[in-house]
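Colleague: could you work out the structure for the sequence below:
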Amino acid sequence: MKQLLNSIFQRGGNRQRLVFAFLLSLLLAGIVAAPANATGVYQMPNVSAGEPTWIVDKGEVLSRLTEGQLGGNLETLAKKTGKEVRMVTVHRLDYGETIESFTNQLFEKWYPTPEAQANQTLLVIDTLTNNSAIRTGESVQSLLPNDTAESVSAETVQVPLRSGNKYNQALLDASDRLVAVLSGEPDPGPPIVEQIVQVEGTFTSAEDTETGKATIWVIALLIAATVIPMATYFFYQSFSG
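Modeller: Just a heads-up that it's a prediction; the model follows:
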């Protein structure tokens, strides 16, 4: 490697050296920055049961309006029912970490005892991959069984994300559903996904018609450019003979 670098700097001109140095600096910056941008559990702020911190937007994808609305809804839920829901976004997970392992570790960091975990629900989104996961405490599961909780993560959250990275809508929809279920109201269910069926007509579009006409003209001109000189040549040959 050292010999290769020496060869490049000895043979290359000043411009080549500057370009190589610039590319090398970008590569090194990427290598150094990648781990720094990743989010581990111990880089998350400390939150405990009963604390009025409902949203941790480390991924920086939520508007202030959405954060305020989510915080208000979840605080009202906590005061009325004692059930606490917290929502987290991160931009990138540590190498080897999955959204499920991160969510479980964060849940246990914030709520280290079974008593602290009992009334808790934690929903996490990784904005780099748009993967999401949810973890609930034991007392929550009587109202929010595992299949419903998974539906919130896999359907209520994922539908807006798949339709254009709509993080604000994803968490607002998840909040509405969780608040309803944890308040003892009927589950509104996941969002309805409308299937858009494209019916192809049998008529030729105007664009296709214009393209066809243009193609015909090009072919005609090519034929003319070939035939006319040949015809002219044979015409003069016949007269000169």
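Colleague: where does this structure have its least confident helix or strand?
Modeller: Least confident helix or strand of the chain, by mean pLDDT, DSSP states H and E, is helix 14-37 with a mean of 49.
Colleague: beyond that one, next helix or strand please.
Modeller: strand 55-57 (DSSP states H and E).
Colleague: average pLDDT for the following helix or strand past that following strand, rounded please.
Modeller: Going down the chain from strand 55-57, the next helix or strand is helix 64-81, by DSSP H and E. Summarised as a single mean, pLDDT over helix 64-81 is 98.
Colleague: in helix 64-81, what's buried?
Modeller: Thr66, Glu67, Gln69, Leu70, Gly71, Asn73, Leu74, Leu77, Ala78 (16 or more other Cβ atoms under 10 Å). Quick note: C-beta positions are derived from backbone N, CA and C, even for glycine.
Colleague: run the angle between the next helix or strand after that helix and helix 64-81 for me.
Modeller: Sequence-wise, the next helix or strand downstream of helix 64-81 (DSSP H and E) is strand 84-90. Relative orientation of strand 84-90 versus helix 64-81 (axes from the mean of the first three to the mean of the last three Cα atoms, to 10 degrees): 150 degrees.
Colleague: buried residues, strand 84-90. List them.
Modeller: Of all the residues in strand 84-90, those buried under the rule 16+ other Cβ under 10 Å are Glu84, Val85, Arg86, Met87, Val88, Thr89, Val90.
Colleague: residue contacts, the second one?
Modeller: The contact partners of Val85, taken as Cβ atoms under 8 Å, 6 or more residues apart in numbering, are Trp54, Leu74, Leu77, Ala78, Gln120, Thr121, Leu122, Leu123, Ser175, Leu178, Val179, Leu182.
Colleague: recalculate using a threshold of 7 Å.
Modeller: Leu74, Leu77, Thr121, Leu178 (Cβ atoms under 7 Å, 6 or more residues apart in numbering).
Colleague: ok, for it, nearest residue in space, not its chain neighbours?
Modeller: In space, Val85 comes closest to Thr121 once its chain neighbours are excluded; the distance is 4.4 Å by Cβ to Cβ, 6 or more residues apart in numbering.
Colleague: quick one: pLDDT of that neighbour?
Modeller: 98.
Colleague: is it in a helix, a strand, or coil?
Modeller: strand (DSSP: H, G, I helix; E, B strand; the rest coil).
Colleague: burial of it, as a residue count?
Modeller: By other Cβ atoms under 10 Å, 25 other residues sit near Thr121.
Colleague: how much space between Gly184 and Thr81?
Modeller: 8 Å (Cβ to Cβ, to the nearest Å).
Colleague: try Ala49
Modeller: 14 Å.
Colleague: quickly list the domain ranges of this protein.
Modeller: Here the domain parsing of the chain from automatic domain parsing is 2-37, 41-182.
Colleague: got the end-to-end distance for the longest one?
Modeller: Distances were taken as Cα to Cα, to the nearest Å; on that basis the terminal residues of domain 41-182 are 27 Å apart.
Colleague: quick one: residues contacting Gly184.
Modeller: Gly184 touches Leu143, counting by Cβ under 7 Å, 6+ apart.
Colleague: let me know the pLDDT of it.
Modeller: Here the pLDDT value assigned to Gly184 is 96.
Colleague: where's it relative to Leu77, distance?
Modeller: To Leu77, Gly184 is 11 Å away according to Cβ to Cβ.
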